[in-house]
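Asks: I'd like to go over a predicted model; first the sequence, then the structure.
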Amino acid sequence: MLRSAPPTAPGMTVIRARGAGQVRHVASARRTAVLIGGSGAVLVVTAVLGLGLGSLRIDPATVIAALTAYDPTNDAHLVVVQSRLPRILLGLVVGAALGLAGTLMQSVTRNPLADPGILGVNAGAALFVVIAIAYFGVSSVGNYIWFAFAGAAAAAVLVYFLGTARGGAAAPVRIALAGTAVSIVIGALSQMVLLSNDAAFNAFRFWSIGSLQGRGFEVILTVLPFLAVGTLLGLALIGPLNAIALGDAVATGLGTRVAGARLGAALAVVLLSGAATAAAGPIGFIGLGAAHIARRFTGNEHRRLLPASLVLGATILVVADTLGRALVAPAELQTGVAAALFGGPLFVALVRSRRVAAL
């Protein structure tokens, strides 16, 4: 008489394993949906509040009237539409770009401390922009954005070279230290150039520490195509990044061109960081915070991780900028400083964490 297979039969084990995997997949998808939905809600609320906050407080009714029935002769309407609305929109696109750039850098280097600000990419872009303004007479974003791309790429190569100078794979902390050192040196050079050129100093003394103030719609329209290309390129690498997360050897065995994927990610980071820095100056820690918060909810599945980091980056930057205007009103805390107040403690906590070895 034949007996049914016991519960521990191989077939049953496989079925249970698949079921557990599906449960984890569904749970991760739900957490991602909650994260993106919650971040999006915070972003919308903060953006609406930000339209009324600042040295001139504007009531919600006037804000709504400015958006729905704009009157160019009304001073409050002018402030909302011509000053604060482009500021919030720029914060949204720049924050999203930095959030995605930070996640891409962490994924391709498997370094949990990677961030365009920490690894000197933003500082390199800023230095080249300052040089273009001070010595080449470049004054528009559409012209000096190319200098920003060159500076971002040069800084990334320099940090990688310093981090791997002893040969072998670069340890996350070593790369972070190299990036910090390069950022400090480049920042000092930028300040030296600004102090030696009065025109450049007067025009960009706030931009050099990261600011969304005084940027019009033309700045957004100038950088948006580059940010869009960088975003699409980064999202196109979801498959290769998932493979690289398993290790280079496994990724190669799965048919992934690891070197090509890293090159594509590097190009995306240069486009995203260079354009973001050209528009708003060097703002650090946004990518670091967005990537780590997103990874807590999504794991290393890049189909969810990358979109989540986009939304989180936008939310963090808009919230930081709005708080910088609200907490010290009628004065204003520059966006780069407000972001550092959020990201600095996070960076220290990550360095002290035992999980800093690698992703």
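Replies: In hand now; what should we look at? Bear in mind the structure is a predicted one, so any value in this text is a computation, not a measurement.

Asks: which residues does S208 contact?
Replies: A126, V130, S190, Q191, L194, G281, P282 (CB atoms under 8 Å, 6 or more residues apart in numbering). In this view, the C-beta of every residue, glycine as well, is placed from N, C-alpha and C.

Asks: Can I get the residues you listed in TSV including pLDDT, secondary structure and neighbour count?
Replies: What follows is the contacts of S208, written out as TSV (pLDDT from 0 to 100; DSSP: H, G, I helix; E, B strand; the rest coil; neighbours: other CB atoms under 10 Å):
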residue	pLDDT	secondary structure	neighbour count
A126	92	helix	30
V130	91	helix	27
S190	91	helix	25
Q191	88	helix	16
L194	86	helix	21
G281	90	coil	25
P282	91	coil	28
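
Asks: and V348, how many residues sit next to it?
Replies: 10 (other CB atoms under 10 Å).

Asks: For G210, see how far away it is.
Replies: Separation of V348 from G210 (CB to CB, to the nearest Å): 20 Å.

Asks: coming back round to it: okay if I get the contacts of S208 as CSV plus distance to I316?
Replies: Compiled in CSV, these are given as follows (distance: CB to CB, whole Å):
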residue, distance to I316
A126, 20
V130, 26
S190, 24
Q191, 26
L194, 27
G281, 16
P282, 16
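
Asks: Out of those, which is nearest to R30?
Replies: Of all those, R30 sits closest to P282, with 36.4 Å by CB to CB.

Asks: Ramachandran coordinates for the closest one?
Replies: phi -80, psi 110 (degrees, to the nearest 10).

Asks: which residues touch it?
Replies: Shown in contact with P282 (CB under 8 Å, 6+ apart): G117, N122, A123, A125, A126, G187, S208, I209, G210, G336.

Asks: Repeat that for A148.
Replies: For A148, the contact set (CB under 8 Å, 6+ apart) comprises A125, A126, F128, V129, G274, A275, T277, A278.

Asks: Could you pick out which of those are located in strands?
Replies: Per DSSP state E, strands hold no members of the contacts of A148.

Asks: which residue is nearest the centroid of the chain?
Replies: Geometric centre of the chain, nearest residue: L98, 1.6 Å, by CA atoms, centre = their mean.

Asks: Look up which helix or strand that one falls in, please.
Replies: Assignment of secondary structure by DSSP states H and E places L98 within helix 85-109.

Asks: mind listing which of the contacts of P282 are in strands?
Replies: Short answer: the contacts of P282 have none in strands (DSSP E).

Asks: Tell me the one among these nearest to P307.
Replies: Nearest member of these to P307, counting by CB to CB, is G117, at 21.7 Å.

Asks: Which residues are in contact with the closest one?
Replies: With contact set as CB under 8 Å, 6+ apart, G117 has these partners: L98, A123, S183, P282, I283, G284, F285, I286, G287, L288, G343.

Asks: didn't the last one look like it was pressed against G287?
Replies: Read that as G343. No - G343 lies out of contact with G287 (CB atoms under 8 Å); the separation is 9.0 Å.

Asks: ok, back up a step: any chance of the contacts of P282 in TSV, plus distance to V63?
Replies: Shown next, in TSV, are the contacts of P282 (distance: CB to CB, whole Å):
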residue	distance to V63
G117	32
N122	32
A123	36
A125	34
A126	33
G187	37
S208	31
I209	28
G210	26
G336	26
